[in-house]
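Engineer: the sequence isn't on hand, but the structure is:
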Ligand code: NOJ
């Protein structure tokens, strides 16, 4: 056979077999399809119109090696000035929902409610109104990692005062925007700001306190979340009729073998990553395996008590049941096994789990060093969440693919999104997981935290070299638009 002909046949065959593997049933008519972003990653205007400094502004301005190439969010995708254009491109993609976050220090420059920045409030009012007038529902995250620096100056998340400060901030947002916002997410992926911000120290605010500060952070995040939920429940729900949830992320941790030990390692790792936050909120208190392991290791290390702070019985009761829905960010999988050689004296939440994790070499990867293309893992994670937390209502608040160049010809992103959505739909159809929506990460190329502008997740390319930050649709934007129109991943779907 001529080489060209055989190449065409191979290509046709691989496209056909990829399509044949996709779920072929329609998504429900009311399934929420949207796109997601966060304030620090897209807004820019870091010191305009009265915004206060946040911990990422602070650290990136002082330490030029903290992020790749010294990149920061000073201007980034400039959405503060271009929000109307961003709503227009959301509209062009047909999305019904937009998930964005409020910059705490944009509306409260010092973090406290004694000083409200009216221009910051006006920005979010304008954005919400622009969305509503285009029939796009806002899904609002209150905290996407950008703590006001003034709060960090008094200790940040490990200081218990944050519980009241966050609750005050949340209450203000409910009051200001809750007439139009019906979906609130208190915290986005608290694992990252806690473990990286106060454990390993490679995220803002850069505190290295493995196994201590990171757990104090998680502890206060959970209390702050619950307090905000109760405020909404007691003071706003009856009139505003909205919902309050939280966004938690985890890899799927695939046991490296069929051995009971590796299966247990997978379960343990799931509890250390997802369960740390989900268990207190859905089942009450921290997962038993975390309490046991951390206590045992802490005592062996000479501490008087566990490094994982305990909840009181009263707190356990107040925290349990404080999520009207659960946001799940799912991107990747790893292999895991019991870490037999773990140093008993080592501190930190990865060491405390006594589980080691790595990637299978054969798995395809994105630009981000943590991102493997493993859609089957999302399905397993979703089923585990359903079984472990008594079938919560779930929205996939993030899922997406990174490349280095932001190419417009992003077939790999289309492949990623469609295979993950197919697995998500399988989880709905075959495993009975209650999933009501999906917001792809991300609407735009943006600042990928310490990776700077090197890892691009957008369905729209942003030209970071042009002062105008020109947005250009990638192939995936057209794909997504079509998917939202047809609610179907293949050429022709069958009814469920
Ligand atoms: C998780 C975070 O919520 C978001 O800020 C980040 O950009 C994406 N995942 C991709 O890493």
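Structural biologist: Yep, that arrived. Only a predicted model underlies this, so the values are computations on that prediction, with no experimental measurement involved.
Engineer: low-confidence regions, the stretch 51-200 of the chain specifically.
Structural biologist: Under the criterion pLDDT under 70, no range of the stretch 51-200 of the chain is flagged.
Engineer: can you list the buried residues in the longest helix seen in the chain?
Structural biologist: With secondary structure taken from DSSP state H, the chain has its longest helix at helix 411-431. Across helix 411-431, burial judged by 16 or more other C-beta atoms under 10 Å covers 412-428. Every residue, glycine included, has its C-beta placed from N, CA and C.
Engineer: check stretch 135-153 too.
Structural biologist: Of the residues in stretch 135-153, those buried by neighbour count under the rule 16+ other C-beta under 10 Å are 136-152.
Engineer: would you map the helices across the stretch 151-300 of the chain?
Structural biologist: With DSSP state H, counting those that start in this stretch applied, the stretch 151-300 of the chain shows helices at 161-177, 191, 213-231, 237-240, 260-270, 276-278, 288-300, listed in chain order.
Engineer: tell me which of those helices is the most buried.
Structural biologist: Per residue and on average, the most neighbours among those fall to helix 276-278, with a mean of 26 (mean count of other C-beta atoms under 10 Å).
Engineer: so which residues on the stretch 51-200 of the chain come close to the ligand?
Structural biologist: Within reach of the ligand by C-beta under 6 Å from any ligand atom, the stretch 51-200 of the chain has these residues: 188-189.
Engineer: is residue 358 in a bridge, and if so with what?
Structural biologist: The residues listed as beta-bridge partners of residue 358 by DSSP bridges are residue 335.
Engineer: I'd like to know how many residues surround it.
Structural biologist: Under the neighbour criterion other C-beta atoms under 10 Å, residue 358 is assigned a count of 10.
Engineer: for the stretch 201-350 of the chain, what lies in contact range of the ligand?
Structural biologist: Taking C-beta under 6 Å from any ligand atom as the measure of proximity, the stretch 201-350 of the chain contacts the ligand at residue 329.
Engineer: which residue does the stretch 201-350 of the chain bring closest to the ligand?
Structural biologist: Checking the stretch 201-350 of the chain residue by residue against the ligand with C-beta to the nearest ligand atom singles out residue 329 as nearest, at 5.6 Å.
Engineer: who touches that residue in this structure?
Structural biologist: Each residue near residue 329 by C-beta atoms under 8 Å, 6 or more residues apart in numbering is listed here: 188-189, 247-249, 396-399, 441.
Engineer: quick one: secondary structure of residue 318?
Structural biologist: Classification of residue 318 using DSSP: H, G, I helix; E, B strand; the rest coil returns helix.
Engineer: shouldn't residue 81 be in contact with residue 45?
Structural biologist: Yes - with the criterion set as C-beta atoms under 8 Å, residue 81 and residue 45 qualify as a contacting pair; they are 6.7 Å apart.
Engineer: name the residue in the two with the higher neighbour count.
Structural biologist: Relative neighbour count places residue 45 above the other of residue 81 and residue 45, with 19 against 16, counting by other C-beta under 10 Å.
Engineer: ok, the more buried one to residue 247 distance?
Structural biologist: As judged by C-beta to C-beta, to the nearest Å, residue 45 and residue 247 stand 24 Å apart.
Engineer: name the element residue 146 belongs to?
Structural biologist: Using DSSP states H and E, residue 146 falls within no helix or strand.
Engineer: and the strands in the stretch 251-400 of the chain?
Structural biologist: Assigned strands in the stretch 251-400 of the chain, in chain order: 252-255, 325-329, 333-338, 355-358, 394-398 (criterion: DSSP state E, counting those that start in this stretch).
Engineer: turn these into a markdown table, columns for mean pLDDT.
Structural biologist: What follows is the strands of the stretch 251-400 of the chain, written out as a markdown table (pLDDT from 0 to 100):
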| stretch | mean pLDDT |
| --- | --- |
| strand 252-255 | 98 |
| strand 325-329 | 99 |
| strand 333-338 | 98 |
| strand 355-358 | 98 |
| strand 394-398 | 99 |
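Engineer: for the longest helix of the chain, packing partners?
Structural biologist: helix 3-21, helix 375-388, strand 435-441, helix 475-486 (3 or more C-beta pairs under 8 Å, 6 or more residues apart in numbering; DSSP states H and E).
Engineer: tell me how many other residues crowd residue 208.
Structural biologist: Using other C-beta under 10 Å, residue 208 has 12 neighbouring residues.
Engineer: so which of the helices of the stretch 151-300 of the chain is nearest residue 325?
Structural biologist: helix 213-231 (11.3 Å; C-beta to C-beta).
Engineer: now do the closest one against helix 161-177, angle only.
Structural biologist: 40 degrees (axes from the mean of the first three to the mean of the last three C-alpha atoms, to 10 degrees).
Engineer: circling back to that earlier point, who wins for proximity to residue 478 among the helices of the stretch 151-300 of the chain?
Structural biologist: Proximity to residue 478, assessed across the helices of the stretch 151-300 of the chain by C-beta to C-beta, is greatest for helix 161-177 (31.9 Å).
Engineer: how far off centre is the closest one?
Structural biologist: Taking the mean of its C-alpha atoms, helix 161-177 sits 20 Å from the chain's own mean (C-alpha atoms, centre = their mean, to the nearest Å).
Engineer: just to revisit the earlier point, next one: the longest helix of the chain to chain centre, how far?
Structural biologist: Centroid separation between helix 411-431 and its chain, computed with C-alpha atoms, centre = their mean, is 18 Å.
Engineer: adjust the sequence numbering to begin at 18 for everything that follows.
Structural biologist: Taking 18 as the first residue, the last one we looked at is helix 428-448.
Engineer: same question for that helix, mean pLDDT?
Structural biologist: pLDDT averaged over helix 428-448 equals 98, rounded to a whole number.
Engineer: now it against strand 342-346, angle please.
Structural biologist: An angle of 140 degrees separates the directions of helix 428-448 and strand 342-346 when computed by the same axes, to 10 degrees.
Engineer: any idea of the angle helix 428-448 forms with helix 392-405?
Structural biologist: Inter-element angle recorded for helix 428-448 and helix 392-405: 30 degrees (by the same axes, to 10 degrees).
Engineer: what's in contact with helix 428-448?
Structural biologist: In this structure, residues lying in contact with helix 428-448 by C-beta under 8 Å, 6+ apart are 35, 38-40, 42, 44, 347, 383, 390, 392-393, 395-396, 399-400, 403, 413, 416-418, 420, 450-452, 455, 457, 476, 491-493, 496-497, 500, 506, 513.
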